[in-house]
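> Pasting the sequence and the predicted model now:
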Amino acid sequence: MKDVVPFDWTRIFIHDELPLGFLGEIAFRSALMYVFVLITLRVMGRRGIKQLSLFEFSIILALGSSAGDPMFYEDVPIGHALVVFVVVILLYVFFNYLTEKVEPVERWLEGRAVCIIEDGVINLSNFKKQNLTYHELFGEIRQYQVEHLGQVRKVYLEATGEISTYFFTDEEVKPGLPIFPELLTTATDKIEQEGEYACRSCGQVQKLPRGEQQPCTRCQHNLWLKACSTKRIT
C-alpha cells in the first residue's frame, strides 16, 4: 500500500496520478450532472423539500450518489449516471400513475393525514402510531401561540410530516392541558386542592378532589397539571 504523507497539499487539492487538466473535466462533469439534477427536479414539480412525499424523498436520496460520483470520479462514465436518471424518472412517472389509479398504492406511497388532537385531547391510538414525541408535538403547536390544548379543535399530522392546527373561537375555548415546557415538567400525582386538572398523557380534563393517585378516566395515567383556560392571543 502506498505510504500517505499527512497534509500533503498537492495530494489534497490535486490527485498526484491524474493530470492537472482533469480539473477542467471535473468542472464539465459537475455542470452536466447539475443540469441533470435540475431536469429531474423540474419533472418532479415545484414542491419544496419539506413537502416531498416519502417516495419523492427516496428518489432524491437515490440520485445523490448518481449525481455526485460522476462529477469527480474519472472511472464513472456520465452515460452510466444518465441511465440511472432516466430509469428513476420513469419509475417516478409510473408510480405517480399508480397513485392516481390505485388507492392502496397511493396510501402506501403517499400516506394519509392523521388526526392526533381532537377537541382539546390527544388521540392516543393515532399519536402512538406516529414517529412523534410529546415534545415535538407541543413544540410544533406552540409556534401557533397555543398555550394549552383547550384552545385547539383539531391537529393533523400531514402525509408530508407537517402539522396543521385548527382552533376554537375565543367563545369555545375550554380548560386544557398547558403545554409550556416548564409547566409540563411539574406534572404530579398529588392533588393538593380540588379543581380541574388535565391529564399529562392525553389532555383529558377532570374535576378532581384533593388526594393522591387519581387515574385518568380516558387513558388511566395519573400525572396531572392544573388545567389552563386562557384565550388564544396571536
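Arrived safely, thanks for sending.

> Let me know the secondary structure of F28.
Look at F28: counting by DSSP: H, G, I helix; E, B strand; the rest coil, its state is helix.

> So it versus K190, what's the distance?
From F28 across to K190, the span is 72 Å (Cβ to Cβ, to the nearest Å). (C-beta placed from N, C-alpha, C; glycine too.)

> What about E147? Give its phi and psi, please.
The phi/psi pair for E147 (degrees, to the nearest 10) reads phi -100, psi -30.

> Check the gap between the residue nearest to it when sequence neighbours are not counted and S125 for me.
Counting by Cβ to Cβ, 6 or more residues apart in numbering, E147 lies nearest to T230, which is 5.5 Å off, once chain neighbours are set aside. From T230 across to S125, the span is 29 Å (Cβ to Cβ).

> do V114 as well
10 Å.

> hang on, the earlier thing: more neighbours: T230 and S125, which one.
Just comparing T230 and S125: by other Cβ atoms under 10 Å the higher neighbour count belongs to T230, 13 against 8.

> so who does that one touch?
By Cβ atoms under 8 Å, 6 or more residues apart in numbering, the residues touching T230 are 147-148, 151, 173.

> can you pick the most crowded of those residues?
Ranking the contacts of T230 using other Cβ under 10 Å puts Q151 first, with 27 neighbours.

> Correct me if wrong: it contacts Y166.
No. The criterion here is Cβ atoms under 8 Å, and Q151 misses it with Y166 at 10.4 Å.

> Tell me the secondary structure at the residue positioned nearest the centre of the chain.
Centroid-nearest residue in the chain: G161, 4.0 Å away (criterion: Cα atoms, centre = their mean). Three-state call for G161 (three-state DSSP): coil.

> Please state the backbone phi and psi of it?
Dihedral angles of G161 (phi, psi; degrees, to the nearest 10) stand at phi 90, psi -10.

> could you measure it against R153, distance?
In terms of Cβ to Cβ, G161 sits 21 Å off from R153.

> same question, E147
Applying Cβ to Cβ to E147 and R153 gives a distance of 15 Å.

> Repeat that for L177.
From L177 to R153 the distance is 15 Å (Cβ to Cβ).

> next one: T165
In terms of Cβ to Cβ, T165 sits 9 Å off from R153.

> tally of neighbours for D170?
So D170, with other Cβ under 10 Å, has 10 neighbours.
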